[in-house]
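Engineer: Kindly return the folded structure for what I paste below:
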Amino acid sequence: YGDIDVGLDYDAEAGLADNGDLEHDLQALLESAGAAAKAASTALVIFIDELQYVPEAQLAALITAMHRCAQRQVPVLLVGAGLPQLRGRMGDAKSYAERLFEFPEIGPLSTEAATKAITKPIEAEGAKITAGAVQKILADTRCYPYFLQEWGQRSWEAAGASPIETDDVERATTTAVAALDESFFRVRFDRLTPQEKRYLRAMAELGPGPHRSGAIADCLKREVSSLGPVRSSLIVKGMIWSPSHGDTAFTVPLFDEFMRRIMPGDEWRV
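Structural biologist: Prediction:
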(Lines give C-alpha, C1' and ligand atoms only; values in the text may rest on other atoms or scores of the structure.)
Protein backbone atom coordinates (compact mmCIF):
# COMPACT_ATOMS: atom_id res chain seq x y z
CA TYR A 1 0.00 0.00 0.00
CA GLY A 2 2.95 2.31 -0.39
CA ASP A 3 1.27 4.15 -3.25
CA ILE A 4 -1.82 5.13 -1.21
CA ASP A 5 -1.94 8.54 0.51
CA VAL A 6 -4.31 9.10 3.40
CA GLY A 7 -5.39 12.59 4.43
CA LEU A 8 -8.28 14.96 5.14
CA ASP A 9 -9.43 17.48 2.59
CA TYR A 10 -11.65 20.33 3.81
CA ASP A 11 -12.15 24.02 3.29
CA ALA A 12 -10.91 26.29 6.08
CA GLU A 13 -13.67 27.96 8.04
CA ALA A 14 -13.75 31.71 7.57
CA GLY A 15 -12.51 33.56 10.63
CA LEU A 16 -14.23 36.43 12.41
CA ALA A 17 -12.46 39.58 13.56
CA ASP A 18 -9.01 38.15 12.99
CA ASN A 19 -7.46 40.23 10.22
CA GLY A 20 -5.21 42.18 12.58
CA ASP A 21 -6.92 45.56 12.09
CA LEU A 22 -8.40 46.47 15.47
CA GLU A 23 -10.91 48.98 14.11
CA HIS A 24 -12.40 46.56 11.57
CA ASP A 25 -12.07 43.50 13.83
CA LEU A 26 -13.91 45.14 16.71
CA GLN A 27 -16.68 46.31 14.39
CA ALA A 28 -17.14 42.78 13.07
CA LEU A 29 -17.05 41.24 16.55
CA LEU A 30 -19.55 43.59 18.18
CA GLU A 31 -21.87 43.57 15.18
CA SER A 32 -21.91 39.75 15.23
CA ALA A 33 -22.42 39.65 19.00
CA GLY A 34 -25.18 42.24 18.70
CA ALA A 35 -26.94 40.23 16.00
CA ALA A 36 -26.82 37.15 18.25
CA ALA A 37 -28.22 39.17 21.16
CA LYS A 38 -31.01 40.51 18.96
CA ALA A 39 -31.92 37.00 17.81
CA ALA A 40 -32.15 35.95 21.47
CA SER A 41 -34.31 39.00 22.35
CA THR A 42 -31.69 40.37 24.72
CA ALA A 43 -28.90 42.94 24.62
CA LEU A 44 -25.14 43.14 25.04
CA VAL A 45 -24.02 45.82 27.50
CA ILE A 46 -20.31 46.61 27.87
CA PHE A 47 -19.16 48.29 31.11
CA ILE A 48 -15.73 49.97 31.19
CA ASP A 49 -14.38 51.87 34.19
CA GLU A 50 -11.52 54.41 33.99
CA LEU A 51 -12.25 54.80 30.29
CA GLN A 52 -10.00 57.86 30.05
CA TYR A 53 -6.94 55.59 30.32
CA VAL A 54 -7.75 53.62 27.14
CA PRO A 55 -5.13 54.51 24.46
CA GLU A 56 -6.48 56.75 21.71
CA ALA A 57 -6.21 54.14 18.93
CA GLN A 58 -8.19 51.62 20.99
CA LEU A 59 -10.70 54.28 22.03
CA ALA A 60 -11.20 55.24 18.38
CA ALA A 61 -11.78 51.59 17.46
CA LEU A 62 -14.35 51.22 20.24
CA ILE A 63 -16.22 54.37 19.18
CA THR A 64 -16.23 53.25 15.54
CA ALA A 65 -17.56 49.82 16.50
CA MET A 66 -20.36 51.34 18.59
CA HIS A 67 -21.22 53.64 15.69
CA ARG A 68 -21.45 50.62 13.39
CA CYS A 69 -23.75 48.83 15.85
CA ALA A 70 -26.01 51.89 15.96
CA GLN A 71 -26.16 51.99 12.17
CA ARG A 72 -26.99 48.28 12.00
CA GLN A 73 -29.54 48.71 14.82
CA VAL A 74 -28.19 45.84 16.89
CA PRO A 75 -28.63 45.99 20.71
CA VAL A 76 -25.08 46.75 21.85
CA LEU A 77 -24.65 49.41 24.55
CA LEU A 78 -21.56 50.95 26.13
CA VAL A 79 -21.59 52.28 29.69
CA GLY A 80 -18.30 53.96 30.46
CA ALA A 81 -17.08 55.83 33.52
CA GLY A 82 -14.13 58.16 33.70
CA LEU A 83 -12.70 61.46 34.82
CA PRO A 84 -13.96 64.78 33.41
CA GLN A 85 -11.42 64.85 30.57
CA LEU A 86 -13.06 61.76 29.04
CA ARG A 87 -15.41 63.82 26.88
CA GLY A 88 -12.47 65.64 25.28
CA ARG A 89 -10.47 62.44 24.81
CA MET A 90 -13.35 60.75 23.02
CA GLY A 91 -13.85 63.80 20.84
CA ASP A 92 -10.17 63.73 19.91
CA ALA A 93 -10.38 60.02 19.06
CA LYS A 94 -13.47 60.43 16.87
CA SER A 95 -15.04 63.81 16.18
CA TYR A 96 -18.58 62.38 16.14
CA ALA A 97 -18.29 60.83 19.61
CA GLU A 98 -20.21 63.67 21.29
CA ARG A 99 -23.16 63.03 18.95
CA LEU A 100 -23.06 59.28 19.50
CA PHE A 101 -22.90 59.22 23.31
CA GLU A 102 -24.42 61.04 26.25
CA PHE A 103 -22.00 62.41 28.84
CA PRO A 104 -23.88 62.97 32.12
CA GLU A 105 -21.66 64.50 34.78
CA ILE A 106 -21.59 62.79 38.17
CA GLY A 107 -20.14 65.05 40.83
CA PRO A 108 -20.59 65.25 44.60
CA LEU A 109 -23.93 64.04 45.91
CA SER A 110 -26.61 66.52 46.83
CA THR A 111 -27.04 67.26 50.52
CA GLU A 112 -30.23 65.19 50.56
CA ALA A 113 -28.65 62.20 48.81
CA ALA A 114 -25.50 62.34 50.95
CA THR A 115 -27.60 62.47 54.12
CA LYS A 116 -29.51 59.36 53.04
CA ALA A 117 -26.26 57.60 52.16
CA ILE A 118 -25.13 58.05 55.77
CA THR A 119 -28.36 57.63 57.72
CA LYS A 120 -30.10 54.75 55.93
CA PRO A 121 -27.42 52.06 56.54
CA ILE A 122 -27.19 53.13 60.19
CA GLU A 123 -30.96 53.05 60.68
CA ALA A 124 -31.12 49.66 58.95
CA GLU A 125 -28.97 48.33 61.81
CA GLY A 126 -31.35 49.78 64.41
CA ALA A 127 -29.00 52.63 65.36
CA LYS A 128 -29.15 56.41 64.98
CA ILE A 129 -26.86 59.34 64.21
CA THR A 130 -27.37 62.92 65.34
CA ALA A 131 -28.04 65.72 62.87
CA GLY A 132 -24.83 67.45 63.94
CA ALA A 133 -22.78 64.34 63.26
CA VAL A 134 -24.32 64.02 59.79
CA GLN A 135 -23.56 67.65 59.00
CA LYS A 136 -19.94 67.21 60.04
CA ILE A 137 -19.55 64.14 57.81
CA LEU A 138 -21.01 66.05 54.87
CA ALA A 139 -18.70 68.99 55.50
CA ASP A 140 -15.58 66.85 55.94
CA THR A 141 -16.25 64.68 52.87
CA ARG A 142 -17.53 67.44 50.54
CA CYS A 143 -20.27 64.87 49.77
CA TYR A 144 -17.82 62.88 47.64
CA PRO A 145 -19.31 59.34 47.37
CA TYR A 146 -16.19 57.32 48.23
CA PHE A 147 -15.38 59.58 51.16
CA LEU A 148 -18.93 59.20 52.48
CA GLN A 149 -18.35 55.45 52.61
CA GLU A 150 -15.03 55.90 54.38
CA TRP A 151 -16.37 58.36 56.97
CA GLY A 152 -19.52 56.31 57.49
CA GLN A 153 -17.51 53.19 58.27
CA ARG A 154 -15.05 55.02 60.54
CA SER A 155 -17.84 56.81 62.41
CA TRP A 156 -19.63 53.51 63.03
CA GLU A 157 -16.41 51.99 64.37
CA ALA A 158 -15.64 55.04 66.54
CA ALA A 159 -19.04 55.15 68.22
CA GLY A 160 -19.39 53.18 71.44
CA ALA A 161 -23.17 53.29 71.35
CA SER A 162 -26.15 54.75 69.51
CA PRO A 163 -26.60 57.51 68.56
CA ILE A 164 -23.39 58.37 66.72
CA GLU A 165 -22.33 61.80 67.98
CA THR A 166 -20.23 64.63 66.57
CA ASP A 167 -17.33 63.58 68.82
CA ASP A 168 -17.42 60.15 67.18
CA VAL A 169 -17.14 61.78 63.76
CA GLU A 170 -14.21 63.88 65.00
CA ARG A 171 -12.32 60.68 65.83
CA ALA A 172 -13.49 59.10 62.58
CA THR A 173 -12.10 62.02 60.59
CA THR A 174 -8.65 61.47 62.06
CA THR A 175 -8.58 57.79 61.13
CA ALA A 176 -10.25 58.33 57.74
CA VAL A 177 -7.74 60.98 56.70
CA ALA A 178 -4.85 58.76 57.82
CA ALA A 179 -6.26 55.86 55.80
CA LEU A 180 -6.69 58.03 52.70
CA ASP A 181 -3.16 59.39 53.07
CA GLU A 182 -1.74 55.87 53.14
CA SER A 183 -3.73 54.51 50.22
CA PHE A 184 -6.12 56.59 48.11
CA PHE A 185 -3.98 59.73 48.01
CA ARG A 186 -0.55 58.13 48.31
CA VAL A 187 -1.04 55.84 45.31
CA ARG A 188 -1.70 58.90 43.17
CA PHE A 189 1.19 60.86 44.65
CA ASP A 190 3.72 58.08 44.05
CA ARG A 191 3.02 58.16 40.30
CA LEU A 192 4.21 61.76 40.00
CA THR A 193 7.51 63.20 38.85
CA PRO A 194 9.20 65.87 41.03
CA GLN A 195 8.01 68.62 38.66
CA GLU A 196 4.45 67.31 38.76
CA LYS A 197 4.54 67.24 42.56
CA ARG A 198 5.68 70.88 42.64
CA TYR A 199 2.90 71.88 40.28
CA LEU A 200 0.25 70.21 42.45
CA ARG A 201 1.81 71.66 45.59
CA ALA A 202 1.53 75.13 44.07
CA MET A 203 -2.13 74.45 43.33
CA ALA A 204 -2.62 73.29 46.91
CA GLU A 205 -1.00 76.48 48.18
CA LEU A 206 -3.74 78.41 46.40
CA GLY A 207 -6.53 76.30 47.93
CA PRO A 208 -9.09 73.75 46.69
CA GLY A 209 -9.49 75.44 43.30
CA PRO A 210 -10.15 75.73 40.44
CA HIS A 211 -7.17 77.98 39.78
CA ARG A 212 -6.07 80.05 36.82
CA SER A 213 -2.97 78.79 35.04
CA GLY A 214 -1.39 82.21 35.54
CA ALA A 215 -1.86 82.05 39.31
CA ILE A 216 -0.17 78.63 39.45
CA ALA A 217 2.71 79.90 37.32
CA ASP A 218 3.12 82.95 39.56
CA CYS A 219 3.25 80.69 42.61
CA LEU A 220 6.08 78.71 40.97
CA LYS A 221 7.74 81.87 39.58
CA ARG A 222 7.54 80.40 36.07
CA GLU A 223 6.07 81.41 32.73
CA VAL A 224 2.70 79.84 31.95
CA SER A 225 3.99 78.47 28.64
CA SER A 226 6.88 76.66 30.34
CA LEU A 227 4.45 74.70 32.53
CA GLY A 228 2.31 73.45 29.65
CA PRO A 229 3.97 70.00 29.37
CA VAL A 230 3.69 69.39 33.13
CA ARG A 231 0.04 70.41 33.16
CA SER A 232 -0.68 68.17 30.17
CA SER A 233 0.99 65.16 31.78
CA LEU A 234 -1.01 65.67 34.98
CA ILE A 235 -4.23 65.74 32.96
CA VAL A 236 -3.24 62.50 31.21
CA LYS A 237 -2.52 60.91 34.60
CA GLY A 238 -5.96 61.92 35.83
CA MET A 239 -4.67 64.20 38.59
CA ILE A 240 -6.18 67.45 37.33
CA TRP A 241 -8.69 68.62 34.74
CA SER A 242 -9.75 71.85 33.09
CA PRO A 243 -13.34 72.83 33.95
CA SER A 244 -13.03 75.84 31.61
CA HIS A 245 -10.37 77.44 29.44
CA GLY A 246 -7.38 78.50 31.52
CA ASP A 247 -8.69 76.91 34.72
CA THR A 248 -7.21 73.90 36.49
CA ALA A 249 -8.80 71.81 39.24
CA PHE A 250 -8.00 68.66 41.20
CA THR A 251 -9.98 65.61 40.07
CA VAL A 252 -10.73 64.54 43.66
CA PRO A 253 -11.59 66.73 46.66
CA LEU A 254 -9.28 67.12 49.65
CA PHE A 255 -6.18 66.49 47.53
CA ASP A 256 -4.99 70.03 48.20
CA GLU A 257 -4.98 69.29 51.94
CA PHE A 258 -3.05 66.06 51.34
CA MET A 259 -0.42 67.90 49.28
CA ARG A 260 0.09 70.41 52.07
CA ARG A 261 0.49 67.58 54.57
CA ILE A 262 2.92 65.51 52.54
CA MET A 263 4.95 68.50 51.30
CA PRO A 264 4.89 70.94 54.24
CA GLY A 265 6.87 74.15 54.49
CA ASP A 266 8.45 75.97 51.56
CA GLU A 267 11.15 73.57 50.37
CA TRP A 268 9.01 72.62 47.36
CA ARG A 269 9.45 76.17 46.03
CA VAL A 270 13.19 75.61 45.46
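
Engineer: C-alpha only now, for contacts and for neighbours.
Structural biologist: Will do.

Engineer: what about residue 216, is that helix, strand or coil?
Structural biologist: When classified by DSSP: H, G, I helix; E, B strand; the rest coil, residue 216 comes out as helix.

Engineer: In contact with it, which residues are there?
Structural biologist: Listed by C-alpha atoms under 8 Å, 6 or more residues apart in numbering, the contact partners of residue 216 are 199, 202, 203, 206.

Engineer: give me the element the third one is part of.
Structural biologist: Using DSSP states H and E, residue 203 sits within helix 194-206.

Engineer: For that helix, enumerate the helices and strands it packs against.
Structural biologist: Applying 3 or more C-alpha pairs under 8 Å, 6 or more residues apart in numbering; DSSP states H and E, one finds that helix 194-206 makes contact with helix 213-220, helix 228-236, helix 255-262.

Engineer: related to what we said a few turns ago, make CSV from the contacts of residue 216 and add pLDDT and distance to residue 253 to it.
Structural biologist: Listed next are the contacts of residue 216 as CSV, based on pLDDT from 0 to 100; distance: C-alpha to C-alpha, whole Å:
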residue, pLDDT, distance to residue 253
199, 96, 17
202, 96, 16
203, 96, 13
206, 95, 14
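
Engineer: closest to residue 176 out of the helices and strands packed on helix 194-206?
Structural biologist: helix 255-262 (12.3 Å; C-alpha to C-alpha).

Engineer: packing partners for that closest one?
Structural biologist: Going by 3+ C-alpha pairs under 8 Å, 6+ apart, helix 255-262 lies up against helix 194-206.

Engineer: Quick one: residues in contact with the helix it packs on.
Structural biologist: Contact with helix 194-206 is made by 189, 209, 211, 216, 219-220, 230-231, 234, 255-257, 259-260, 263, 268-269, as judged by C-alpha under 8 Å, 6+ apart.

Engineer: Make a PyMOL selection of the buried ones in the residues you listed.
Structural biologist: Buried residues within the contacts of helix 194-206, by 16 or more other C-alpha atoms under 10 Å, are selected in PyMOL with:
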select buried, resi 189+211+216+219+220+230+231+234+255+256+257+259+260
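
Engineer: Serialize the contacts of residue 216 to JSON lines and add fields for neighbour count and distance to residue 37.
Structural biologist: As requested, those are exported to JSON lines (neighbours: other C-alpha atoms under 10 Å; distance: C-alpha to C-alpha, whole Å):
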{"residue": "199", "neighbour count": "22", "distance to residue 37": "49"}
{"residue": "202", "neighbour count": "22", "distance to residue 37": "52"}
{"residue": "203", "neighbour count": "28", "distance to residue 37": "49"}
{"residue": "206", "neighbour count": "16", "distance to residue 37": "53"}
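
Engineer: Arrange the residues you listed in TSV, one row each, with distance to residue 135 as further columns.
Structural biologist: Listed next are these as TSV, based on distance: C-alpha to C-alpha, whole Å:
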residue	distance to residue 135
199	33
202	30
203	27
206	26
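
Engineer: Tell me where the model's unsure across the stretch 1-150 of the chain.
Structural biologist: 1-3, 5-19 (pLDDT under 70).

Engineer: All the strands of the stretch 101-250 of the chain, residue numbers only.
Structural biologist: Ranges of strands in the stretch 101-250 of the chain, per DSSP state E, counting those that start in this stretch, are 211-212, 240-241, 247-250.

Engineer: Tell me which of those strands is the most buried.
Structural biologist: Counting by mean count of other C-alpha atoms under 10 Å, strand 240-241 has the highest mean neighbour count of the strands of the stretch 101-250 of the chain, with a mean of 22.

Engineer: so for it, what's the average pLDDT?
Structural biologist: Average pLDDT, strand 240-241: 92.

Engineer: got the contact list for it?
Structural biologist: So strand 240-241 is contacted by 84, 85, 234, 235, 248, 249, 250, 251 (C-alpha under 8 Å, 6+ apart).
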